[in-house]
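>>> Sequence plus predicted model, see below.
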Amino acid sequence: MDVIYVILTVFAGLALLYILWCLAEPFFLDMDKATLKKSPRKDPDSNNIVVKKQPMTSKDNGLTPDLKFFFFSDTHAEWCPVNAKRICSAIRDSHKASALDGVIFGGDIITYPRNAARGFRYINEVSSCCKELGIPFYGITGNHDVNITDFAAKAGFTLIDNLALPLTSKTSGKKAFLAGVPDSGTRKLAWPEMPSCEGGDPVILIAHDPDTLIHIAPEKRPDFMLSGHLHGGQMKFPFKIEFRVLRKKDKLPNMGAVQGVFDISGTTVFISRGLGCGIMPFRFLSMPEATVVGICL
Ligand SMILES: [Fe+2]
């Protein structure tokens with residue numbers, strides 16, 4: 001009887017620790033860096049999707065990024081303990097350390113459209129901070145944003161859904177396109193087309209759902225892509241159950257592309273874990289993340 005009591009007490013203690021950790025993790029912020037360089041592989045005729053994990057920062061010494069962006073995604077403002085003040089402070093610190101070419105939001109201001117006002121308050125605070133520092137602020141819609149009324153007018157950033165903006169590096173003079181695509185919503189009724197980017201300059205695509213890439217014709221795929229959506233799994237389970245069962249329709253996470261930098265069939269992709277919590281107010285082994293992304297053109 002005593003043995004059973006001890007075993008049950010140990011299990012109850014572990015369960016309590018697990019719950020406490022899940023509740024605490026959303027309050028942390030992992031402020032990291034990623035350096036993306038162009039993939040040497042470019043096979044425009046290939047429909048074969050190959051996922052190759054890359055280091056967050058390049059081991060190639062002397063590689064200087066031509067463009068630097070502060071990228072954050074998935075605020076889901078209903079429960080996002082990493083508040084806008086912390087993001088503004090991180091933007092200020094990053095800009096002071098090395099001038100930013102832009103701040104980019106990767107979609108999903110909220111989980112439920114009825115809470116849109118809360119999401120706009122968060123994003124508008126970041127927008128004011130960008131204006132004060134003179135940094136352009138760009139963004140796209142995520143799958144939870146598609147039914148929000150007046151999204152473009154209220155977002156407080158330059159909405160780049162279906163647009164491609166020409167950018168020039170202040171350090172090297174090299175040119176690139178910053179392109180964006182909208183999300184079509186959770187039921188994924190349609191995948192977006194690539195905006196037109198003529199002239200041959202490298203293309204940096206912002207797409208909320210990483211799976212967007214595999215629905216773009218191989219010859220139109222961008223050189224770089226920044227995404228969110230997956231929350232790093234939000235709560236990690238053994239054997240990747242969170243993807244194999246709960247997100248079994250998502251292709252790239254089931255091929256190993258969940259968070260970090262990847263070479264996916266010739267496109268260099270960064271997938272952020274995002275900041276907030278979708279549906280459940282928990283995270284486990286998937287700390288909120290904002291990232292300074294350096295791009296080598
Ligand atoms: Fe999300």
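Thanks, I have it. Just so it is clear, the structure is predicted and the values come from calculations on it, not from any experiment.
>>> drop to CA atoms for contacts and neighbour counts, all remaining ones
OK.
>>> for residue 56, phi and psi?
In this entry, residue 56 is assigned phi and psi values of phi -60, psi -40 (degrees, to the nearest 10).
>>> I'd say it and residue 259 touch.
No. Applying C-alpha atoms under 8 Å, one finds residue 56 not in contact with residue 259, separated by 10.2 Å.
>>> More neighbours: those two, which one.
When neighbours are counted by other C-alpha atoms under 10 Å, residue 259 comes out ahead of the other of residue 56 and residue 259, with 21 against 16.
>>> Skip the chain neighbours and tell me the closest residue to residue 159.
Distance criterion C-alpha to C-alpha, 6 or more residues apart in numbering; nearest residue to residue 159, sequence neighbours excluded, is residue 139 at 5.1 Å.
>>> swap in residue 91?
The shortest distance from residue 91 to any residue that is not its chain neighbour, by C-alpha to C-alpha, 6+ apart, is 6.9 Å, and that residue is residue 70.
>>> That neighbour: what's it in contact with?
Contact partners of residue 70, counting by C-alpha atoms under 8 Å, 6 or more residues apart in numbering, are 91, 94, 100, 102, 103, 104, 290, 291, 292, 293.
>>> so the fourth one sits right up against residue 134, yeah?
By that I understand residue 102. No. Taking C-alpha under 8 Å as the contact criterion, residue 102 and residue 134 are not neighbours in contact, 9.3 Å apart.
>>> These two - which one has more neighbours?
residue 102 (19 against 12).
>>> gap between that one and the ion?
Separation of residue 102 from the ion (C-alpha to the ion, to the nearest Å): 21 Å.
>>> how about that residue, what does it touch?
68, 69, 70, 135, 136, 137, 138.
>>> Just the buried ones from those residues, in ChimeraX syntax?
The ChimeraX command for the buried members of the contacts of residue 102 (criterion: 16 or more other C-alpha atoms under 10 Å) is given here:
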select :68,69,70,135,136,137,138
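>>> Now tabulate the contacts of residue 102 in a markdown table and tack on distance to residue 229.
Listed next are these as a markdown table, based on distance: C-alpha to C-alpha, whole Å:
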| residue | distance to residue 229 |
| --- | --- |
| 68 | 21 |
| 69 | 18 |
| 70 | 17 |
| 135 | 24 |
| 136 | 23 |
| 137 | 19 |
| 138 | 17 |
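>>> when you check the ion, which of the contacts of residue 102 turn up near it?
Contacts with the ion are made by none of the contacts of residue 102, judged by C-alpha under 5 Å from the ion.
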